[in-house]
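1. model the following, please.
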Amino acid sequence: MSVSMKEVDPAFQGAGQKAYPLGIEVWQIENSKPVAVPESSYGKFLTGECYMILKTHASKSGGFRYDIHYWIGKDARDDEADTISIKTLELDAALGGRAVQYRELQGYESERFLSCFKPCIIPEETESQEHKTRMFSCKGKYVAHVQEVPCARSSLNHETICILDSKNKIFQFNGSNTSIQERAKALQVVQYIRDTYHGSKCDIATIDDGKLMADAEAGEFWGFFGGFAPLPRKTAANDAQSTDAHPTQLFCVNKGQAEHVAANSLTKKLLETRQCYLLDCGSEVLVWMGRDTSMEERKAANGAAEEYLRGQDRPKSKIIRMIENFETVCFRSKFVSWPQPTDVVASEEGRGKVAALLRRQGVDVKGLVKAAPKQEEEEEPQPYIDCSGNLQVWRVNGKEKSLLSDTEQSKFYTGDCYIFQYTYSGDEQEECLIGTWFGKKSVKEDKDSALLQANKMVESFKFLATQARIYEGNEPFLFYAIFQSFMVLKGGLSNGYKNYISEKGLPDDTYKEDGVALFRVQGSGPENMQSIQVEPVASSLNSSYCYILHQDSIVFNWYGSQTTTDDHDLTERQLDLIKPDLQTRVLKEGVESDQFWEILGGQTKYAAKKIPSEAESDPHLFSCTLSKGEDLKGLPMQVAEIYNFNQDDLMTEDILILDCHTAIFLWVGQEVNSKTKPQALAIGEKFLKLDVLLEKLPLQSPIFIIMEGSEPPFFTRFFTWDSTKSGMHGNSFQRRLSILKDGGRSTRNFKPKRRAPVSFGGRSASEKPQRSRSVSCSSDRPRARGRSPAFNALASKFDNPGGRNLSTPPPRVSKPSGSSEGGGGGTGGGGGFDAAKVLSKSKAIASLTASYDKPTREKLMPRSLKVSSDSAAKSESNSKINPLNSRVDSHTAKENVTENEVEDDEGLTLYPYERLITSSTDPAPNIDVTRREMYLSKADFKEKFNMTKDAFYKMPKWRQNKMKTSLGLKKQHMARIQATQYHEQDAEQFLENNGDSRDQLHSIAVFLYMPTI
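-> Numbering: from 1, shown residues only. Down below sits the predicted model:
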């Protein structure tokens, strides 16, 4: 950056490092020098002074964004105005040349600037003065433009809100043509005046335009103006000339003069990095400064902009300055096909030069060259929702929909449309999310039907449910978290899809279990894993993913070279859903078999980089204004950004749009017109088409429709939320007045309401829960989400209506050292199971499960069920036992028996594979039927398992059992199959609900852990 640092002021030491809590720094010009303003004086402005305000934003990407506003009072001297304009450029240079700079003239401030000092600013002539009766005009819905006006009848009109500040009472006069939202915003100004100038002790009165003397407070108000008299209609102001129709023009600044750039259309190629340019947009002039321009050239460009406006007789127009690569959305929107901006890492050269200069002057530069905070290791997105709720899913088929069973509700076809209803416990009441999912190849008939039926379901909830519209390939993390395991299959089952491919003569590629299929496995853990069916060709592979390929009974697991062991475990879990009963052949990238490539049609090149996913960005809130009386199909709509937003900006009369890049949220107030509420989805789709932020978001981006009073936590997280505010009745003005006078008590009942899940076709939720991992609200039996089917089966046998809700996560369990009392020979701390010697539930469960079915990596277990690694290690270290113990005690044997221990001289006889399988006609005698594989020779073991015994016993128990079952070395009845992935926490939680009697403990042991012969 070619910027001179000779005149950088030491006052900017450490600037731009205060993103929290306010993110604001203020300097005042005194004797041509910037002087820091104490935080207690932020928001106080004198009409004869100039101020510089730095607003620092900490973005989600980890860097800082800067806005610099330089405010010039109406009575400020010209030399001070010139000084602050130059000092702003110096401050920007100290920040590395990345700030956008705004000129703010008193009375013409931008909404972005005013939002930094909510609810308003009221410039004063002097710092201290005795109270005198004054009157202010107040305009604006989301920020208040406050100006002092003469305290006379002539200042009152039907289009303006006026605030009369007398010694003993503050009056708010509401013009008849003002909106409810403007009146509510003005009440915030009234509160600010009362708190600032009256020590929070002053009466407040509101006067409606046209209210006669019969009202005592109205009479008192009109008494200041000599009595009531009708107000004349407001005449058009002389300065109301619109500049929006002014054609956009580009000028190049050459030696301090603005020279017009002739061009049929504006493109980025017209801008040279060694030049400065002016872009005249009518209401504002944008100054673009190339990255390689000098400080003198930038000062000259600013002077050229001011001179240009004076020549155009527009001295009050806004001037906005920006550096190359940090252009505003408004600037980029004026150019044809402006390239999509990337995350520019601004040069620290400016900060370094400033620091070097200040060091030579003997100034402490600590903090000045501090870069933006580095991001921690990228965290997994959070669902911001209770994931222990009840899920129901319907497949749409024309005008009908069919309820899916719990085993099918996570399998979606790309040619179909689905409706899902998810009920969960909110902070204060039961919440409901109703959504639609559209496959990429679904037909319009099914999409329209799904939306219509989903709307009816939302209506049945009296519009209190949150609604979601989701397209395949654009699912938010929240969606995956609700389903946990999700599968997308090729083809479709609906009549509409079948008819479409028949009419087009397209092949029906609907997934078949006995056909050829290739699945890409993705996700971050058991609570977020997906299998996406892709074309069964080699080009579909990617080195960053694992894949499952099957053809009839042949199944391959393919591990990309850039995948981790956690990815491999997810693949195994997904394989249990796709092909649970077949043995898998594991292939690593680079050592594939010829048969693998033959199934895929031959080896070809494929990708190596992970498919990029959109990251959530800083949220932006927009107001939405619809033209009255217009057809919604055309949907004339204007949107305006609300800067530095908070919960108070959610006006009950409005529809507001929150854009966080990965999804958009439409907030619909209670007082919105009843004809407009059903149009919320169309408004969201129109917003995506407008592309207000030039993000180029796909039109299939997720849309959430949220009704006031039922805001879910994944929406309220963007605010500092106060539920009592959303619990109030009345319009915005009435609510604000209630808060002002009596603290604004919530008028809504927020006692938790537990609604039974509503069924919209098929059987009701109370007849049969539709999800094995969700909590049904029926009276039959609560079902625990995230628990194995075996646990659910046990729970049904020991029904205890007084037990706690199984959706509540169990406490973390710390396992004891592993030494337990009981019979059984052998060394080590295992021992047999003796319920009489169990002293506590946790010890009993630890004894039962010390060596069974535990994932080797902590990440394989849900976060709420993790066991401390230290205690787990202790349990493992104390669980060694002779592998030839009795059958009853064999369930406590150490899993990782070494090869040497198996083949020692303690009488172990080896048998051929045919005599060890469970279906053998000549079974081997006197063997441990739970360890049949131990009696295989090294060669036979290697041939059948494709690994050594040592490697086999280092695998998780559930994977060992799966392989033994596929080879016929293990026979399991249904209860044992259901208990394959059973965790000790399941039993712990079961005992909390059903007691801990010896008989029940013994039943658990027999049912889950006794070997099956």
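
2. and the gap between Asn528 and Phe483?
-> 9 Å (Cβ to Cβ, to the nearest Å). (Glycine included, C-beta is placed from N, CA and C.)

3. quick one, which of the two is more surrounded?
-> In terms of neighbours (other Cβ atoms under 10 Å), Phe483 is the more surrounded of Asn528 and Phe483; the figures are 24 against 20.

4. not including adjacent chain positions, what is the nearest residue to the more buried one?
-> Ser410 (5.1 Å; Cβ to Cβ, 6 or more residues apart in numbering).

5. burial count for the one you found?
-> Neighbours around Ser410, by other Cβ under 10 Å: 21.

6. can you give me the pLDDT of it?
-> You'll see Ser410 listed with a pLDDT of 94.

7. enumerate every residue touching the spatially closest residue to Ser553 that is not a sequence neighbour.
-> For Ser553, ignoring the flanking residues on the chain, the nearest one in space by Cβ to Cβ, 6+ apart is Leu582 at 5.8 Å. Going by Cβ atoms under 8 Å, 6 or more residues apart in numbering, Leu582 touches His550, Ser553, Val555, Ser966.

8. my read: Gln960 touches Phe952, true?
-> Yes. Contact between Gln960 and Phe952 holds when scored by Cβ atoms under 8 Å: they sit 6.5 Å apart.

9. ok, back up a step: among the contacts of Leu582, who's most crowded?
-> Neighbour max across the contacts of Leu582 (other Cβ under 10 Å) = His550, 23 neighbours.

10. I'd say that residue and Val516 touch.
-> Yes. Using Cβ under 8 Å, His550 is in contact with Val516, at 7.4 Å.

11. and Phe64, what are its phi and psi?
-> phi -110, psi 140 (degrees, to the nearest 10).

12. if I look at the most centrally placed residue in the chain, how far off is Lys588?
-> Nearest to the geometric centre of the chain sits Glu616, at 6.2 Å (Cα atoms, centre = their mean). Taking Cβ to Cβ as the measure, Glu616 falls 34 Å from Lys588.

13. do the same with Glu708
-> Distance from Glu708 to Lys588, by Cβ to Cβ: 54 Å.

14. wait, Val265 touches Val336, no?
-> Quick fix: residue 265 is Ser, not Val. Yes. Counting by Cβ under 8 Å, Ser265 does reach Val336; the two are 5.0 Å apart.

15. buried residues, stretch 713-724. List them.
-> Within stretch 713-724, the residues that count as buried by 16 or more other Cβ atoms under 10 Å are Phe714, Phe715, Thr716, Phe718, Phe719, Trp721, Ser723.

16. elements contacting the helix or strand Gly435 falls within?
-> Gly435 is part of strand 430-438, with elements assigned from DSSP states H and E. Where contact means 3 or more Cβ pairs under 8 Å, 6 or more residues apart in numbering; DSSP states H and E, strand 430-438 is packed against strand 417-425, helix 444-460, strand 466-471, helix 477-483.

17. what angle separates the third one from strand 417-425?
-> Meaning strand 466-471. 140 degrees (axes from the mean of the first three to the mean of the last three Cα atoms, to 10 degrees).

18. adjacent strands (with direction) for strand 466-471?
-> Paired with strand 466-471 in the same sheet, following DSSP bridges, are strand 430-438 (parallel), strand 703-707 (antiparallel).

19. tell me which residues are up against it.
-> For strand 466-471, the surrounding residues in contact (Cβ under 8 Å, 6+ apart) are 431-438, 440, 451, 454-455, 458, 476, 479, 680-681, 684, 700, 702-707, 710, 712, 715.

20. at 6 Å what do you get?
-> For strand 466-471, contacts defined as Cβ atoms under 6 Å, 6 or more residues apart in numbering pick out 433-438, 458, 479, 700, 702-706, 712.

21. can you pull out the strands in the stretch 151-300 of the chain?
-> Under the criterion DSSP state E, counting those that start in this stretch, the stretch 151-300 of the chain contains strands at 161-165, 169-174, 203-208, 249-254, 257-260, 276-280, 284-289.

22. the second one: partners in the sheet, and parallel or antiparallel?
-> Right, the one you point to is strand 169-174. Using DSSP bridges, the strands paired with strand 169-174 are strand 161-165 (antiparallel), strand 203-208 (parallel).

23. so for Leu908, which of these sits nearest?
-> Closest approach to Leu908 among the strands paired with strand 169-174 (Cβ to Cβ): strand 203-208, 92.5 Å.

24. buried set for whichever strand or helix holds Lys962?
-> Using DSSP H and E, Lys962 sits in helix 957-966. For helix 957-966, a neighbour-count test (16+ other Cβ under 10 Å) marks Lys957, Trp958, Arg959, Gln960, Asn961, Lys962, Met963, Lys964, Thr965 as buried.

25. cool, and stretch 451-461?
-> For stretch 451-461, by 16+ other Cβ under 10 Å, it's Leu451, Gln453, Ala454, Asn455, Met457, Val458, Phe461.

26. what does stretch 98-109 give?
-> In stretch 98-109, counting by 16+ other Cβ under 10 Å, buried: Arg98, Ala99, Val100, Gln101, Tyr102, Arg103, Glu104, Leu105, Gln106, Glu109.

27. ends of it, how far apart?
-> Across stretch 98-109, the terminal residues are separated by 22 Å (Cα to Cα, to the nearest Å).

28. tell me how far it lies from the chain's centre.
-> On the basis of Cα atoms, centre = their mean, to the nearest Å, stretch 98-109 sits 32 Å off its chain's mean C-alpha point.

29. got it, and stretch 200-210?
-> 42 Å.

30. now what about it, what contacts it?
-> 158, 169-176, 190, 194, 217-218, 221.

31. which of those sit farthest apart?
-> So, the contacts of stretch 200-210 by Cβ to Cβ: farthest apart are His158 and Arg194, at 25.7 Å.

32. give me the more crowded residue out of these two.
-> Using other Cβ under 10 Å, the more surrounded residue of His158 and Arg194 is Arg194, with 19 against 15.

33. quick one: the residue nearest to that one when sequence neighbours are not counted from Lys318, how far?
-> With Cβ to Cβ, 6+ apart as the criterion, Arg194 has its nearest non-adjacent residue at 4.8 Å, and that residue is Cys202. Here Cys202 is placed at a distance of 36 Å from Lys318 (Cβ to Cβ).

34. and for Ile501?
-> From Ile501 across to Lys318, the span is 57 Å (Cβ to Cβ).

35. again with Val692
-> Taking Cβ to Cβ, one finds Val692 at 19 Å from Lys318.

36. do the same with Leu693
-> Where Lys318 is concerned, Leu693 sits at a distance of 20 Å (Cβ to Cβ).

37. ok, now Ser405?
-> With Cβ to Cβ as the criterion, Ser405 and Lys318 are 61 Å apart.

38. those two: who's more crowded?
-> For Ser405 versus Lys318, the count of surrounding residues by other Cβ under 10 Å is larger for Lys318: 19 against 12.
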